[in-house]
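*Asks:* dropping a prediction and its sequence here:
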Amino acid sequence: MKKTEKFLFIPVLILLLTLSCALLVFGLIRFFILKNAGAETLTVLWEIVPALIVLLFCAAATVYLHVRLKRSAARLGASVGKLTERVASGGEGASVPSVGSLAGLADSLSREEEKLKAAFAEAGALADRRATEREQAAAALRICRLQTPEEIGSDGLRYGVCGRTHYSPAVGANFAETFPLDGRRIFLAIGDVWGSGLGAALFSSRVKTLLRENILMGRNTAETLSAVNRALCAENGEGYTATLFCAVFHCDSGALRCANAGHYPPILTGDTAGYLPVQAGAPLGIFADAQYTEEVFSVLPEQGIFLYTDGAVNGSDGTERFGYERLAAVLKALSGSALGADAVTEGMVAALTEFCGETPDVSELMLVFPGGTQRLFRAKLPEAEGMRGFLSEWLGSDPRKSNILSVCTQIFQGIVEHAGARAIRIGCERGDGHIAVRFTDDGEPFNPLKADENAEHGLGADLRKLGGEIFYRTKQDLSVLTVRFPAGGAV
């Protein structure tokens, strides 16, 4: 406090005292000069009075400033003292935190920093996991598409089969498989792995590999499922499970020899449509000693077999499932069109997509067993006459014969002239009054309808006159064009 007072008022006091002393010395000098000069005492004193007045004023000012500065210093010291006491005690209302409070705040900030570091680390780990999951999903999708293309199929003289598979971003490991065993038998299979992602895709690939290996060894369908199941159970550390239906179709007799491992029952299409009463069987990968039974069903001409995975039943629009009844109704409408297995699978995917708003994870496989006849012709213009004779004999007295022959002749000639094919297979079938004629060739893709579909004359005009429909596709380096003539068409 004393140091503070000196600092504040001593400089001013020294200044005033110096001024007072200067005036006093000046007055004394003036007094002695005048006195020696013989001036009167009153005159001399009058010269000194102003200096004395100034001296007294300076002294008074000095005292006043001393008192004011001392009080100000006292108030300042009191404020600083109170502040120091609050800082030392950490009491409530202190404007400066205590040492203890600062230490606690530092600890709190340190903990928050650690939390932030942990949060950033977790966010980074989550981003890494998401990136890994995306990479695995992409890898799973590549595996699934490699093992099961989006469209598969095969055509023989006595059958037609087409399969489609769609994978969503989650990559469900459903699959369909078909391939001919020889000229008279074709193998069919459809399955679904419980789960999704890379692990399920790899398990699905293993199932398909084992399935193909065992069926090509000459085992029947039940023996094949048993062998596949044992192999899966022996090495299944991740515990995956799959349902599977497999069958061998005998084209000459229409016999369907099949075995089931917990999959959805196939649907028989045609006049006696319904679900095949197959035994359920145990899913693959659970019980190594599970037993499977081969069953035999008869598929009549103009009937077909539709295989599917859970997406065809459980696909949802957000409020209800597609369901068995809607599946059967759509299948009935599609299978009655006589446009072939590919038209059925394509139409079913379209119906599911329309209902669900997007295409669900689904695999489907359609086998058709035509009730008509087929014949193979060389892709030469002179063969057109033989083709007309074949169709004319098959059509008999049908009143639509003339226009049907005209349309089919134009298609045949168009394939010969523009596709560069070596052979053309023609198949015919009837159903519910309609007639379907299918052209299959090994040439370059060529849709003859596009050439004059809007013309007033030619193929397009003749087809419109009959009220017919046409369906064109390419599959396995083959072009397939199916023309359907409805019952009661114009002649």
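*Replies:* Structure received. What you see is a predicted model, and the numbers here were worked out from it, not measured in a lab.
*Asks:* where in the stretch 351-491 of the chain is pLDDT low?
*Replies:* Along the stretch 351-491 of the chain, segments meeting pLDDT under 70 span 370-372, 431-432, 448-468, 475-476, 488-491.
*Asks:* can you pull out the helices in it?
*Replies:* 383-395, 401-418, 448-451, 459-466 (DSSP state H, counting those that start in this stretch).
*Asks:* any chance of the ones you listed in CSV, plus mean neighbour count and distance to residue 227?
*Replies:* In this view, the C-beta of every residue, glycine as well, is placed from N, C-alpha and C. Output for those, formatted as CSV (neighbours: other C-beta atoms under 10 Å; distance: least, C-beta to C-beta, whole Å):
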stretch, mean neighbour count, distance to residue 227
helix 383-395, 15, 45
helix 401-418, 19, 45
helix 448-451, 17, 48
helix 459-466, 18, 51
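*Asks:* for residue 210, find the nearest of the ones you listed.
*Replies:* helix 401-418 (41.1 Å; C-beta to C-beta).
*Asks:* and the angle for the closest one with helix 383-395?
*Replies:* Calculated by axes from the mean of the first three to the mean of the last three C-alpha atoms, to 10 degrees, helix 401-418 forms an angle of 150 degrees with helix 383-395.
*Asks:* so what does helix 401-418 touch, helix or strand wise?
*Replies:* helix 383-395, strand 423-431, strand 434-441, helix 448-451, helix 459-466, strand 478-485 (3 or more C-beta pairs under 8 Å, 6 or more residues apart in numbering; DSSP states H and E).
*Asks:* what angle do the last one and strand 423-431 make?
*Replies:* In other words, strand 478-485. Relative orientation of strand 478-485 versus strand 423-431 (the same axes, to 10 degrees): 30 degrees.
*Asks:* packing partners of strand 478-485?
*Replies:* helix 401-418, strand 434-441, strand 469-475.
*Asks:* in JSON lines: those, plus distance to residue 235.
*Replies:* Below are the helices and strands packed on strand 478-485 laid out as JSON lines (distance: least, C-beta to C-beta, whole Å):
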{"stretch": "helix 401-418", "distance to residue 235": "51"}
{"stretch": "strand 434-441", "distance to residue 235": "43"}
{"stretch": "strand 469-475", "distance to residue 235": "36"}
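*Asks:* closest one to residue 313 among the ones you listed?
*Replies:* That would be, of the helices and strands packed on strand 478-485 and by C-beta to C-beta, strand 469-475, which comes in at 26.1 Å.
*Asks:* adjacent strands (with direction) for the closest one?
*Replies:* Using DSSP bridges, the strands paired with strand 469-475 are strand 478-485 (antiparallel).
*Asks:* tilt between the strand it pairs with and strand 434-441?
*Replies:* Computed with the same axes, to 10 degrees, the direction of strand 478-485 lies at 160 degrees from that of strand 434-441.
*Asks:* enumerate every residue touching residue 398.
*Replies:* 404, 435 (C-beta atoms under 8 Å, 6 or more residues apart in numbering).
*Asks:* mind doing that once more with 10 Å?
*Replies:* Listed by C-beta atoms under 10 Å, 6 or more residues apart in numbering, the contact partners of residue 398 are 392, 404, 430, 435, 485, 491.
*Asks:* tell me how this structure divides into domains.
*Replies:* 2-89, 150-369, 373-485 (automatic domain parsing).
*Asks:* got the phi and psi for residue 188?
*Replies:* phi -130, psi 140 (degrees, to the nearest 10).
*Asks:* so the nearest residue to it once chain neighbours are set aside bridges to which residues?
*Replies:* Leaving aside its chain neighbours, residue 188 sits nearest to residue 247 (4.7 Å; criterion: C-beta to C-beta, 6 or more residues apart in numbering). Beta-bridge pairing of residue 247 under DSSP bridges involves residue 188, residue 258.
*Asks:* pretty sure residue 386 sits against residue 378.
*Replies:* Yes - contact criterion C-beta atoms under 10 Å: residue 386 and residue 378 qualify, at 9.1 Å.
*Asks:* beta partners of residue 375?
*Replies:* Bridge pairing for residue 375 - DSSP bridges - gives residue 426.
*Asks:* all numbers from here: first residue = 214
*Replies:* Right, with 214 as the first residue, what we last looked at is residue 588.
*Asks:* tally of neighbours for it?
*Replies:* 15 (other C-beta atoms under 10 Å).
*Asks:* shaky segments in the stretch 314-463 of the chain?
*Replies:* 314-315, 318, 340-372, 378-385.
*Asks:* now the helices for it?
*Replies:* Using DSSP H, counting those that start in this stretch, helices in the stretch 314-463 of the chain cover 411-429, 434-447.
*Asks:* want to try JSON lines for these, with mean neighbour count as columns?
*Replies:* Below are the helices of the stretch 314-463 of the chain laid out as JSON lines (neighbours: other C-beta atoms under 10 Å):
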{"stretch": "helix 411-429", "mean neighbour count": "20"}
{"stretch": "helix 434-447", "mean neighbour count": "21"}
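*Asks:* reformat the ones you listed into TSV and put distance to residue 621 next to each item.
*Replies:* TSV is the format used below for those (distance: least, C-beta to C-beta, whole Å):
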stretch	distance to residue 621
helix 411-429	38
helix 434-447	39
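*Asks:* that's all I had, so thanks and see you.
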